[in-house]
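Asker: Sequence isn't available, so here's the structure alone:
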């Protein structure tokens, strides 16, 4: 902010794109005003809503553009910046600085809530004999709910949901308000990363010494090499601590994974190489190339025909039919 202040030569709108704690843009304004008292400027909060692996498409065809400003002049400048994208009609939400900052946190926290919610429902489905995929489909067809982020799995990861939920919980505490639902969302997500480990120990026993497992997928989701808060790291560490060994294959994330897992696990060059002589296959990340494997080839590579599907992408009936 100080560098921008010193570089100003005329009216400018200083835009924050990042997800920042509520109040940040007012602090930016104060710094610029203190550094260059006579500067002619506005600050604006214009948070990005880009998904990893689909950022360009999300930018060119946004669901909405959120703009937090303090003057009509700044709002007009931002609208002009986005005018080339008006080939498709989409809403621009113009609001105040704090509301724009909060929109991004609230949106990510709500999506994280949907993930933890369906994971809680999945756990209950297992106990009562229901199929969580059928339940999620039935829920998602309700227009008030929608189908997205209702896929049960090993929990959310990446750079956004974990830190944004934590940040919102902390902001609440700083204001003397406990965000109980979001605290539960975080707690459920932390536990969800251990569900697969518990299933493995229920099958093989708590002592996994001498057991060898194959991971298909390492990144926190497909179409990215992002390993931040990835469930695979938690699962691998727990298995290693129980005496097991791991060989993993991910189409793009192996190099990033080495920063967190190092040489404590082995890395295969393709999906089937990872299976040689292992006690079970663990599907961690639902990359497209894992969706329709050659099950005969998988079965013959494994010591025993055991698959732990962490993303519910396989048909149980199909696998049982294949032995």
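Answerer: Done, it's in. From a predicted model like this one, the values you see are computed outputs, not experimental measurements. Numbering: from 1, shown residues only.
Asker: those helices in the stretch 151-300 of the chain, which residues are they?
Answerer: Here the stretch 151-300 of the chain has its helices, by DSSP state H, counting those that start in this stretch, at 161-174, 180-192, 195-204, 231-241, 254-261, 295-301.
Asker: Residue 30 is nearest to which of these?
Answerer: helix 161-174 (18.6 Å; Cβ to Cβ). From N, CA and C alone the C-beta is placed, and that goes for glycine too.
Asker: what's around residue 279, how many residues?
Answerer: For residue 279, the neighbour count with other Cβ atoms under 10 Å is 19.
Asker: pLDDT score for it?
Answerer: You'll see residue 279 listed with a pLDDT of 97.
Asker: what do you get for residue 88?
Answerer: 65.
Asker: What of residue 294?
Answerer: At residue 294, the predicted lDDT confidence score is 95.
Asker: Contacts only, for residue 43.
Answerer: Residues counted as contacts of residue 43 (Cβ atoms under 8 Å, 6 or more residues apart in numbering) are 13, 14, 15, 16, 25, 26, 28, 29, 32, 70, 74, 97.
Asker: filter these to the buried ones?
Answerer: 13, 14, 15, 16, 25, 28, 29, 32, 74, 97 (16 or more other Cβ atoms under 10 Å).
Asker: Make a markdown table out of the contacts of residue 43 and add pLDDT, secondary structure and distance to residue 122.
Answerer: As requested, the contacts of residue 43 are exported to a markdown table (pLDDT from 0 to 100; DSSP: H, G, I helix; E, B strand; the rest coil; distance: Cβ to Cβ, whole Å):
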| residue | pLDDT | secondary structure | distance to residue 122 |
| --- | --- | --- | --- |
| 13 | 97 | strand | 46 |
| 14 | 97 | strand | 45 |
| 15 | 97 | strand | 40 |
| 16 | 97 | strand | 37 |
| 25 | 97 | helix | 39 |
| 26 | 97 | helix | 42 |
| 28 | 97 | helix | 42 |
| 29 | 97 | helix | 46 |
| 32 | 97 | helix | 49 |
| 70 | 96 | coil | 45 |
| 74 | 97 | helix | 46 |
| 97 | 97 | helix | 39 |
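Asker: on that earlier part again, of the helices of the stretch 151-300 of the chain, which approaches residue 136 most closely?
Answerer: Of all the helices of the stretch 151-300 of the chain, it is helix 180-192 that lies closest to residue 136, at 15.2 Å by Cβ to Cβ.
Asker: Tell me which other helices or strands that closest one touches.
Answerer: helix 97-128, helix 161-174 (3 or more Cβ pairs under 8 Å, 6 or more residues apart in numbering; DSSP states H and E).
Asker: cutoff 10 Å now
Answerer: If contacts are counted by 3 or more Cβ pairs under 10 Å, 6 or more residues apart in numbering; DSSP states H and E, helix 180-192 sits against helix 97-128, helix 161-174, helix 231-241.
Asker: Quick one: work out the angle between the helix or strand where residue 30 lies and helix 97-128.
Answerer: Assessed by DSSP states H and E, residue 30 sits inside helix 24-35. Interaxial angle, helix 24-35 versus helix 97-128 (axes from the mean of the first three to the mean of the last three Cα atoms, to 10 degrees): 150 degrees.
Asker: what's in contact with helix 24-35?
Answerer: For helix 24-35, contacts defined as Cβ atoms under 10 Å, 6 or more residues apart in numbering pick out 1-6, 8, 12, 14-16, 18, 20-21, 39, 41-46, 68-70, 96-98, 100-101.
Asker: ok, now how distant is residue 281 from residue 96?
Answerer: Noted for residue 281: a distance of 51 Å to residue 96, by Cβ to Cβ, to the nearest Å.
Asker: what about those two, which has more around it?
Answerer: Set residue 281 next to residue 96 and count neighbours by other Cβ under 10 Å: residue 281 wins out with 23 against 13.
Asker: Wait, the more buried one touches residue 248, no?
Answerer: No. Applying Cβ atoms under 10 Å as the test, residue 281 and residue 248 come out as separate, 11.1 Å apart.
Asker: got CSV for the buried ones among the contacts of residue 43, with distance to residue 200 too?
Answerer: Listed next are the buried ones among the contacts of residue 43 as CSV, based on distance: Cβ to Cβ, whole Å:
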residue, distance to residue 200
13, 54
14, 51
15, 48
16, 44
25, 47
28, 48
29, 53
32, 55
74, 55
97, 48
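Asker: Return the member of the residues you listed nearest to residue 314.
Answerer: residue 16 (43.1 Å).
Asker: Below-threshold pLDDT in the protein: ranges please.
Answerer: Scanning the chain for pLDDT under 70 picks out 86-88.
Asker: what's the burial count for residue 149?
Answerer: A count of nearby residues for residue 149, using other Cβ under 10 Å, gives 18.
Asker: Residue 129 too?
Answerer: Close neighbours of residue 129, defined as other Cβ under 10 Å, add up to 6.
Asker: What are the neighbouring residues in contact with it?
Answerer: The contact partners of residue 129, taken as Cβ under 10 Å, 6+ apart, number zero.
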